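Chemist: The amino acid sequence is not available; the structure is as follows:
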């Protein structure tokens, strides 16, 4: 059924209008593939990317390992039953993401090996998902990711699918994906990762069907072009992604998918159709942010809703190639050698996009950036596995996926994480217990969750009170290796007249100096650091030990008390445990004039 271009465009812009109905999915029948001339270029990877892969794998042993491991997993997954339309916690998202992983790996394996078994298995999964009653438009992220997987696999296998299969898959993308834009239009104007994922997924779908639905594709592309830069504002000005490195992987990967798809879809081979996405303020530099956010321990600076364990996002691989900075994926090579990263749903793209060069210029050992969550990160070396690495942030709770973590820091030394962030808690574990998780306002039950609270982070609190849900701390670089954080806005009004945290990265130590002014003399100041190390206290010094390595933390302040608290057990029935984690806590009272100072020095041994 033909589409009205104005109706489709209106569905994704502020003034929405219902779309005309689309034909329903017909019964799926077996049909042998037919040889066809491909009507449009394959999405995301050029013919050169495919044809040169074997030679590139021979030249780069890490890429060869990655490719071989991915093919082996594609073969071992053959026996998996087809996916079903099963909601988990009211979402189809898990199914959508697993569909991307399966369909891409089997389509990739077929393109590389030409073994018919991979084509048949990919086709089986694609037709099964196409026959779903819907792709869950009520949670539009689910639909956007399902459309992504279908669009890429459809494009990669286009020549080897029958006319009937193409029609069935194309109808599903249109009916269950693009035509549902009226239910996801708000995501085109959001300022968080939803904007990137939903726009990226919808454009991939539109490009996949563009030859058969040119008017529909043109309308969606126009709406996407208008909305996509709203989401990219998050990278301004310096590339610090405010939702943390985990969500950088998510949102940035979809922006890269979008840019690569727009570029590759040009009939004349030009790159001007990519809308200048990669040139959006801060976007390219965000690759540096991401690379610096991985410590020598192999763990993230996991602020906001991030986990410690690093991923292998296709975005960093694409940007390493695009920016001619192969050093950006140096940390990922060890992951490949350890057979990690295969579970990433876009792993085939990382193989296809892997940079051909190695080495490159030595990256700077420091990074700092402004934005919604300003931060500074330092390391003593990129090549020494025992290097010092220290990261600290300002900002605070008043942002998407944020925690009350203004002033919080993490520390690596000798390949180990000494000062840690507990990271995110699984969303469903909180939503199922009635936590109003997405309400960021003061007094929200969100801030009762321990892992999200100021008490759980490596920062200062007064009298056991939460940080302000609206105040955002600022960060100023005093020198290349010195940052000054103004914590005053992050504390509750009236608690202090000024609160600062100064971090200095030295040659063989890290110095942290805290100062409060205007505090009530009867208040209690609390300094905290979460760690998995064993802690022994002697006076005002803490000796930390783990895996045969040692760290000394020396404190200097007026009338301070040191304690070690076990925080492994849940505080409330909705909190998750924090296995083997304890807090090193320093507490003290301000002087009569309301001032309080604490000097902390981290040193080896």
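Modeler: Now that the structure is in, tell me what you want to look at. Bear in mind that the values here come from a model prediction, so they are computed numbers and not experimental data.
Chemist: use CA for all of it now, contacts and neighbours both
Modeler: Fine.
Chemist: residues contacting the spatially most central residue of the chain?
Modeler: Among the residues of the chain, the one closest to the centroid is residue 247, at 2.2 Å (Cα atoms, centre = their mean). Shown in contact with residue 247 (Cα atoms under 8 Å, 6 or more residues apart in numbering): 193, 241, 305-306.
Chemist: per-residue pLDDT, residue 459?
Modeler: Note on residue 459: pLDDT of 98.
Chemist: what's around it, how many residues?
Modeler: 22 (other Cα atoms under 10 Å).
Chemist: Just list the residues touching the closest residue to it other than its chain neighbours, thanks.
Modeler: Leaving out its chain neighbours, the residue that sits closest to residue 459 by Cα to Cα, 6 or more residues apart in numbering is residue 408, at 4.8 Å. Residues near residue 408 by Cα under 8 Å, 6+ apart: 392-394, 457-459.
Chemist: do that again at 7 Å, thanks
Modeler: Applying Cα atoms under 7 Å, 6 or more residues apart in numbering to residue 408 gives the contacts 392-393, 457-459.
Chemist: Now the buried members of the contacts of residue 247.
Modeler: 193, 241, 305-306 (16 or more other Cα atoms under 10 Å).
Chemist: before we move on, back to that, same list, the contacts of residue 408, but as CSV with distance to residue 105 and secondary structure please.
Modeler: CSV is the format used below for the contacts of residue 408 (distance: Cα to Cα, whole Å; DSSP: H, G, I helix; E, B strand; the rest coil):
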residue, distance to residue 105, secondary structure
392, 38, strand
393, 38, strand
457, 39, coil
458, 41, coil
459, 43, coil
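Chemist: thinking again about what came up before, where does the residue nearest to the centre of the chain fall, secondary structure wise?
Modeler: Taking DSSP states H and E as the definition, residue 247 sits inside helix 244-264.
Chemist: Please, where are all the strands along the stretch 451-600 of the chain?
Modeler: For the stretch 451-600 of the chain, the strands defined by DSSP state E, counting those that start in this stretch cover 460-462, 474-479, 482-486, 498-505, 509-517, 525-531, 534-538, 541-546, 549-557, 561-566, 582-588, 596-604.
Chemist: which residues sit against the first one?
Modeler: Applying Cα under 7 Å, 6+ apart, the contact partners of strand 460-462 are 454-455, 523-528.
Chemist: Okay, now the sheet partners of that strand, with direction.
Modeler: Strands that pair with strand 460-462, judged by DSSP bridges, come out as strand 525-531 (antiparallel).
Chemist: List the neighbours of the strand it pairs with that are in contact with it.
Modeler: 418-421, 457-463, 581-589.
Chemist: what pLDDT, on average, does it get?
Modeler: For strand 525-531, mean pLDDT is 98.
Chemist: swap in stretch 55-66?
Modeler: On average, the pLDDT along stretch 55-66 is 95.
Chemist: So for it, what gets flagged as buried?
Modeler: For stretch 55-66, a neighbour-count test (16+ other Cα under 10 Å) marks 56-57, 62-66 as buried.
Chemist: The residues you listed in helices, which ones?
Modeler: Applying DSSP state H to the buried residues of stretch 55-66, the entries found in helices are 56-57, 62-66.
Chemist: Show me the beta-bridge partners of the residue nearest to residue 583 when sequence neighbours are not counted.
Modeler: Distances taken as Cα to Cα, 6+ apart place residue 530 nearest to residue 583, at 4.4 Å, with adjacent residues excluded. On the basis of DSSP bridges, residue 530 is bridged to residue 420, residue 583.
Chemist: what about residue 530, neighbour count?
Modeler: 25.
Chemist: Any figure for the gap between it and residue 567?
Modeler: In this view, residue 530 and residue 567 are 9 Å apart by Cα to Cα, to the nearest Å.
Chemist: what sits in contact with each of those two?
Modeler: 581-583.
Chemist: So which of those residues is surrounded by the most neighbours?
Modeler: Neighbour-wise, the shared contacts of residue 530 and residue 567 (other Cα under 10 Å) top out at residue 583, 24 neighbours.
Chemist: elements contacting the helix or strand hosting residue 144?
Modeler: Using DSSP H and E, residue 144 falls within helix 140-156. Other elements packing on helix 140-156 under the criterion 3 or more Cα pairs under 7 Å, 6 or more residues apart in numbering; DSSP states H and E are helix 93-113, helix 193-208.
Chemist: could you check the angle helix 93-113 makes with that helix?
Modeler: 10 degrees (axes from the mean of the first three to the mean of the last three Cα atoms, to 10 degrees).
Chemist: From the chain's centroid, how far away is helix 140-156?
Modeler: Computed by Cα atoms, centre = their mean, to the nearest Å, the separation of helix 140-156 from the middle of its chain amounts to 19 Å.
Chemist: Taking helix 140-156 as reference, get the angle to the very next helix or strand once past that helix.
Modeler: On the C-terminal side of helix 140-156, the closest following helix or strand by DSSP H and E is helix 163-172. Here the directions of helix 163-172 and helix 140-156 differ by 160 degrees (the same axes, to 10 degrees).
Chemist: hmm, back to that, list just the nearest of the shared contacts of residue 530 and residue 567 to residue 123.
Modeler: Residue 123 lies nearest to residue 581 out of the shared contacts of residue 530 and residue 567, by Cα to Cα, at 46.6 Å.
Chemist: ok, the closest residue to that closest one other than its chain neighbours to residue 226 distance?
Modeler: Of all residues not flanking residue 581 in the chain, residue 532 sits nearest, at 4.7 Å (Cα to Cα, 6+ apart). Using Cα to Cα, residue 532 is found at 47 Å from residue 226.
Chemist: Compare neighbour counts for those two and give me the winner.
Modeler: Legend: neighbour count by other Cα under 10 Å for residue 532 and residue 226, higher for residue 532 (20 against 14).
Chemist: Take the ones in helices among the buried residues of stretch 55-66 and lay them out in JSON lines including distance to residue 492.
Modeler: Compiled in JSON lines, these are given as follows (distance: Cα to Cα, whole Å):
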{"residue": "56", "distance to residue 492": "56"}
{"residue": "57", "distance to residue 492": "56"}
{"residue": "62", "distance to residue 492": "51"}
{"residue": "63", "distance to residue 492": "51"}
{"residue": "64", "distance to residue 492": "54"}
{"residue": "65", "distance to residue 492": "53"}
{"residue": "66", "distance to residue 492": "50"}
